[in-house]
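Novice: Sequence first, predicted coordinates after that:
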Amino acid sequence: MNTLTTSLFASSEPKTIGVGYHNVGRGCLRASHLSLVQKIQNRYGQRCGHLPLEAERVYVLVTGLTAEVESQWAYLSHLMGKTITVLSLQDLAVVLRDAASTALIVPYINVPQTEHWLQEELGASSWGLAGKMVQFLKNKADLHRLVEDLQLEGVAVPEYTIAPVAAVPQAAQSFLSAMEEITSQAGMDYYPRGIMLRAAESDGHYGSCLVYEHQQRILIIPDGDMQRVQRSLTWEHAFILAQKHLMASMDQQQANRVVMSRFVVVADSPGLSVVILDGQIESLGWNSQLQTPGSTACVGTSSYQPKNAAPARLQQVIEEQTVACFEVLLKEVAYRCGLDFPSLRGVANLDFMLPGPLEQELQRRRGLSPTIYLAECNPRWTNYTDALLTILAVKQQPPTVSTLRTTIQEGLATIDCYPLPPTVEPERLRDELLRRDMAFRQAGMSIICRMTQNPMGFIFAGNVKQAQQEIVRLLKQLSTTTIWAREGKAFAEAAGRGR
């Protein structure tokens, strides 16, 4: 079998029914407060590029079946050239009961609860890494301890401690003192002080809080969202505010641990996505995260675009090493979970932090080898890989490692929160893009509406810069709000820099 040209969803027997399940809320944030789960599911539930389109009949499973959702999937069905029927959770059982063969269901994340429901209760096959492996890799406390144990070459986690959320203020204060001692001994008292606090089961910055010193004030940034920043004059008060946010985001009956890591001054934060097929690990290379100014939360992704020459040089030196480290990590977790690695199929992503000049100097003064830091592992589809599959579906190409790599080379970028002027309805913009779709493709680009809400979600493929310019031009035509046009252009330019 050639892993480069084999479909990710290939099966020994043809599947009559294929289902995509974007369980971003109930899966990724399974140990979060119900209000946060519902918020994220409502926002991102329209996305689902991970569809097994080779099946005779294709469905997308949604937790909230609305006219808006059905309209979005009618649009995507048109683009993809195949009817994709929207199912509620209740309807799925009926469809599977009447199926002539076992259905293949591809969840966004195959956590143990989802795996059990799909396989044991519904009698379907689920795609993705085994549930217990996902649980291990996803949990930040377990992952940090594993990385520390493995002593990976050139890759580590920043200094950290783990504490129950109820003890956060005291534990954070003690940890901060220990980190101050490290910088003091290195003769770098000027290194910015701070701690990143994340619930062990947090995901995508939801359930996190960054507390750090900036211009003689202490900033508290919940969920990586600079628009919700709070300020404090004392660390004690700052850690109490952080604890309050974490408690509000967590379901403590399911998980109550918080991982606290030393604040690191970084130059860039690339991700690394891989495909795991029958024992082979195929890299999709580094990717970039788009962040709004002052924020650490990801609002979009793209093929990797280094922020400056230093990360570009580092990529050339260390990218292959990060892939090797990822392979060691995946195989070790499979071994600890008692799994046969050659039987596994799935996708996964590691997020790294590349040290900036100040952190490099701290490493040098501490006598440490040059090291990049691992932030988290996403043993699932991501914003980036989900967008890749959406592009392939629109191009009506099979999802293989080869086609994925070609799509990356051709260019792609995503943006999740593109603000629209009040005079333009999201559906109107989507309809206009659909009407112009063939002309866009002939010009070497594609614009896909990923979430038809305001703010909108887009996927840009091919000539990304031209596609982003087309959005700005189209909105100028559809709107008379000149103020927004300037803001929209600035946002698009920021997206371009994030590429």
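Specialist: That came in fine, so what should we check first? Residues are numbered from 1 along each chain as shown.
Novice: was I right about residue 129 contacting residue 343?
Specialist: No: Residue 129 is beyond contact range of residue 343, at 10.8 Å (criterion: C-beta atoms under 8 Å). All C-beta spots, glycine's among them, are computed from the backbone N, C-alpha and C.
Novice: which of these two has more neighbours?
Specialist: Between residue 129 and residue 343, counted using other C-beta atoms under 10 Å, residue 129 has the larger neighbour count: 27 against 10.
Novice: And the residue nearest to the more buried one when sequence neighbours are not counted, which helix or strand is it part of?
Specialist: Once flanking residues are discounted, residue 129 sits nearest to residue 346: 3.6 Å by C-beta to C-beta, 6 or more residues apart in numbering. Assigned by DSSP states H and E, residue 346 belongs to strand 345-355.
Novice: how far out from the middle of the chain is that strand?
Specialist: 10 Å (C-alpha atoms, centre = their mean, to the nearest Å).
Novice: how about the helices in the stretch 51-200 of the chain?
Specialist: Assigned by DSSP state H, counting those that start in this stretch, the helices in the stretch 51-200 of the chain fall at 67-80, 89-97, 112-116, 131-138, 140-150, 168-185.
Novice: Output stretch 362-371 as CSV, restricted to C-alpha atoms.
Specialist: Only the C-alpha atoms of stretch 362-371 are listed here, as CSV (Å, rounded to 0.1, in the frame of the first residue of the first chain):
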residue,chain,number,x,y,z
LEU,A,362,18.2,32.9,29.0
GLN,A,363,18.8,29.4,27.7
ARG,A,364,22.4,30.2,27.0
ARG,A,365,23.1,31.8,30.4
ARG,A,366,21.5,28.7,32.1
GLY,A,367,23.9,26.5,30.2
LEU,A,368,21.0,24.8,28.3
SER,A,369,21.2,23.4,24.7
PRO,A,370,19.1,25.4,22.2
THR,A,371,15.5,24.2,22.7
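Novice: wait, what's in contact with residue 152?
Specialist: Contact analysis of residue 152 by C-beta atoms under 8 Å, 6 or more residues apart in numbering lists 325, 328-329.
Novice: Buried among the residues you listed? Make that a PyMOL selection.
Specialist: Only the buried entries of those go into this PyMOL selection, using 16 or more other C-beta atoms under 10 Å:
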select buried, resi 325+329
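Novice: of the contacts of residue 152, closest to residue 118?
Specialist: For these, the residue nearest residue 118 by C-beta to C-beta is residue 329; the value is 25.6 Å.
Novice: Dump the C-alpha coordinates for the strand holding residue 346 into PDB.
Specialist: Provided in PDB are the C-alpha atoms of strand 345-355 (Å, rounded to 0.1, in the frame of the first residue of the first chain):
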ATOM      1  CA  ARG A 345      -5.300   5.800  11.500                       C
ATOM      2  CA  GLY A 346      -5.800   9.400  12.300                       C
ATOM      3  CA  VAL A 347      -4.500  13.000  12.200                       C
ATOM      4  CA  ALA A 348      -2.700  15.000  14.900                       C
ATOM      5  CA  ASN A 349      -1.000  18.300  15.500                       C
ATOM      6  CA  LEU A 350       1.700  19.700  17.800                       C
ATOM      7  CA  ASP A 351       1.900  23.400  18.600                       C
ATOM      8  CA  PHE A 352       5.400  24.700  19.300                       C
ATOM      9  CA  MET A 353       6.900  27.900  20.600                       C
ATOM     10  CA  LEU A 354      10.100  29.100  19.000                       C
ATOM     11  CA  PRO A 355      12.200  31.100  21.500                       C
END
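Novice: elements contacting it?
Specialist: With contacts defined as 3 or more C-beta pairs under 8 Å, 6 or more residues apart in numbering; DSSP states H and E, strand 345-355 has these neighbours: strand 266-268, strand 271-277, helix 309-336, strand 372-378, helix 383-395.
Novice: how about 10 Å then?
Specialist: Packed against strand 345-355 by the contact rule (3 or more C-beta pairs under 10 Å, 6 or more residues apart in numbering; DSSP states H and E) you find helix 131-138, strand 266-268, strand 271-277, strand 280-290, helix 309-336, helix 357-365, strand 372-378, helix 383-395.
Novice: Could I get the average pLDDT for it?
Specialist: Strand 345-355 shows a mean pLDDT of 97.
Novice: Pairing partners for it, with directions?
Specialist: The strands beside strand 345-355 in its sheet (DSSP bridges) come out as strand 266-268 (antiparallel), strand 271-277 (antiparallel), strand 372-378 (antiparallel).
Novice: Switch the ones you listed over to JSON lines; also include mean neighbour count.
Specialist: Formatted as JSON lines, the strands paired with strand 345-355 follow (neighbours: other C-beta atoms under 10 Å):
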{"stretch": "strand 266-268", "mean neighbour count": "20"}
{"stretch": "strand 271-277", "mean neighbour count": "23"}
{"stretch": "strand 372-378", "mean neighbour count": "22"}
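Novice: Leaving out sequence neighbours, find the closest residue to residue 458.
Specialist: Counting by C-beta to C-beta, 6+ apart, residue 415 is the residue found nearest to residue 458 once chain neighbours are left out, at 5.3 Å.
Novice: Check residue 56 too.
Specialist: Nearest to residue 56 is residue 16, by C-beta to C-beta, 6+ apart, at 4.9 Å.
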